[in-house]
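Asker: quick one: sequence and predicted model below, then my questions.
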Amino acid sequence: EDDFVFQLSREEFLDLFFEDLELPRLIRTQLATITEFRTRRAGFSADGVPTNINVVRSLRSALGRRLALGSPWHAQLRELQEALDNALEEEEEDADGATVLALRERIGHARAKIDAIPFIDSFDLRYNNRVKVPEPTTQAVMFCLMDVSGSMDEERKGIAKRFFMLLHLFLTRSYERIDVVFIRHHTVAKEVDEDAFFHSRESGGTVVSSA
């Protein structure tokens, strides 16, 4: 008969493994899904609340709009003013001439159009835009301490190793960021890496360090 072979990913294996621990489902679900968020600036937006108004950006936008809308009228005003000056010279400063009066009326109209452009409008407003970004639910440090003094036989050391291994797997699976510090101690405490913590055969006297 052919062997029945199947493959599991690391996460699938851990799901099945921790299922057998009979942890309360609510706790397992919360640890696996809770995510905290913090706000981060992400440019500017045309919509927002008054408290988030960016004054500099809003004034810059208003200035650009006023220049765009007023530029044709300013150009026309300069032309009319130049024509008025020429007309006054030709009519020997006759302020009541028909041409002069017509030009002054058009100049007044152009100035009224320029004055009618609002200093700032609602669509000039720019707001600081903030978005929520996920963060690890916690940033913690887990200390794993193992007594490797002479009073600890191999069976007890094995139990301790299996406990810390399971706890380490569970925490690294449930939290996005966690620092783990491994310490082996007998007469002297020493911080070691994960491999040395679980596999080193170093032992010591029966007097235990305070770590």
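Answerer: Noted; the coordinates are in hand.
Asker: helices and strands around the helix or strand containing F37, which ones?
Answerer: Under the criterion of DSSP states H and E, F37 resides in strand 36-45. Judged by 3 or more Cβ pairs under 8 Å, 6 or more residues apart in numbering; DSSP states H and E, strand 36-45 is in contact with strand 127-135. The C-beta positions use only the backbone N, C-alpha and C, and glycine is treated the same way.
Asker: following the chain past the strand it packs on, name the next helix or strand.
Answerer: Counting by DSSP H and E, what follows strand 127-135 is strand 140-147.
Asker: for that following strand, which strands pair with it and how are they oriented?
Answerer: The strands beside strand 140-147 in its sheet (DSSP bridges) come out as strand 178-185 (parallel).
Asker: in the next helix or strand after the partner strand, what counts as buried?
Answerer: Downstream of strand 178-185, the next assigned helix or strand under DSSP H and E is strand 189-192. By neighbour count on 16 or more other Cβ atoms under 10 Å, the buried set for strand 189-192 is 190, 192.
Asker: pLDDT on the strand holding F37, on average?
Answerer: What strand 36-45 shows for mean pLDDT is 83.
Asker: CA-only coordinates of that strand in CSV, if you can.
Answerer: What follows is strand 36-45, C-alpha atoms only, in CSV (Å, rounded to 0.1, in the frame of the first residue of the first chain):
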residue,chain,number,x,y,z
GLU,A,36,-3.9,48.1,18.3
PHE,A,37,-3.7,51.1,15.9
ARG,A,38,-1.9,54.4,16.1
THR,A,39,-2.4,57.4,13.9
ARG,A,40,0.3,58.6,11.5
ARG,A,41,0.5,61.7,9.3
ALA,A,42,-0.2,60.9,5.6
GLY,A,43,0.0,64.2,3.7
PHE,A,44,-3.0,66.5,3.3
SER,A,45,-6.7,66.1,2.5
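Asker: start at 17 instead
Answerer: Understood, numbering begins at 17; the last thing we discussed is strand 52-61.
Asker: from the chain's centre, how far out does that strand sit?
Answerer: 5 Å (Cα atoms, centre = their mean, to the nearest Å).
Asker: next, the buried residues of the helix or strand following that strand.
Answerer: Per DSSP H and E, the first helix or strand lying C-terminal to strand 52-61 is helix 71-106. By neighbour count on 16+ other Cβ under 10 Å, the buried set for helix 71-106 is 73-74, 77-78, 81-82, 86, 89, 92-93, 96, 99-100, 103-104.
Asker: packing partners for helix 71-106?
Answerer: Contacts defined by 3+ Cβ pairs under 8 Å, 6+ apart place helix 71-106 against helix 114-132.
Asker: now for the helix it packs on, which elements pack on it?
Answerer: Helix 114-132 packs on helix 71-106, going by 3+ Cβ pairs under 8 Å, 6+ apart.
Asker: and the residue minimising distance to the centre of the chain, what does it touch?
Answerer: Closest residue to the average C-alpha location of the chain: R56 at 3.7 Å, with Cα atoms, centre = their mean. Applying Cβ atoms under 8 Å, 6 or more residues apart in numbering, we find R56 in contact with 146-149.
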